[in-house]
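[1] here's a sequence, model it:
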Amino acid sequence: MACAVGIKYVGLVMIVYGVCDALSSFSFGHIAKYIGRMYCLMFAALINYTLIITMLLWVPQENQLWVLFILAGLWGVADGCWQTQIAAAYGTLFTENESAFSNFHLWESLGFVIAYVYTPRIRIRYAHIILLCVLTLSMVCYTIIEIREKRKKKKVPEEEPSKSKDDIESTIATAL
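    Just a heads-up that it's a prediction; the model follows:
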């Protein structure tokens, strides 16, 4: 971006990203209740696939500044979805394990470190290709997790909790 139009727009582009990220985070928290987490994440993946392929094919030019703002805004929308829905997935999948969120943030931070180390050392085209591969692997793994969870829920029907002797006696006593 800085090569084609200079660095004077970096801050504005990042503001667009941040605003879209915040609005998206708020929105997908509510949207997921109606359409489900899986569809939200598929939508975010579709946005990311589109953006990465666009960045692979697009050659930035000075008169196309508006494209940078659109790319940043859409990336913010996708990131807002990822952040809210992955946190929701961890909260649902690991109800009895308090360390799940810290473990998630550990691996997320490690991914950032790895990306920050390799990105300046390779061509941006290869960084985008790596991003496409990681996104694909992530979506395949997430789909497997969702399928396994649905199968597990089907196998274990929700049973009515059995009443203890004290509960039965207190029910009889209040009825009399």
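[2] drop to CA atoms for contacts and neighbour counts, all remaining ones
    Noted.
[3] quick one: the helices in this protein?
    Assigned by DSSP state H, the chain shows helices spanning 2-5, 10-35, 37-57, 65-93, 100-118, 124-155, 165-175.
[4] mean pLDDT and mean neighbour count for the ones you listed - can I get that in a markdown table?
    A markdown table is the format used below for the helices of the chain (pLDDT from 0 to 100; neighbours: other C-alpha atoms under 10 Å):
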| stretch | mean pLDDT | mean neighbour count |
| --- | --- | --- |
| helix 2-5 | 61 | 12 |
| helix 10-35 | 94 | 16 |
| helix 37-57 | 95 | 17 |
| helix 65-93 | 92 | 19 |
| helix 100-118 | 90 | 12 |
| helix 124-155 | 92 | 13 |
| helix 165-175 | 55 | 10 |
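[5] which ones are touching the residue nearest the centre of the chain?
    Centroid check for the chain by C-alpha atoms, centre = their mean gives residue 82 as the closest residue, at 1.5 Å. Residues near residue 82 by C-alpha atoms under 8 Å, 6 or more residues apart in numbering: 41, 44.
[6] mind running it again at 10 Å?
    Applying C-alpha atoms under 10 Å, 6 or more residues apart in numbering, we find residue 82 in contact with 21, 24-25, 28, 37, 40-45, 76, 88.
[7] do residue 14 as well
    20, 68, 69, 72, 73, 76.
[8] got it, and residue 87?
    Neighbours of residue 87 in contact, by C-alpha under 10 Å, 6+ apart: 81, 93, 100, 101, 104.
[9] apply 7 Å and report the result again.
    By C-alpha atoms under 7 Å, 6 or more residues apart in numbering, the contact set of residue 87 is empty.
[10] use 663 as the first number from now on
    Let's use 663 as the start, then, which means that last one is residue 749.
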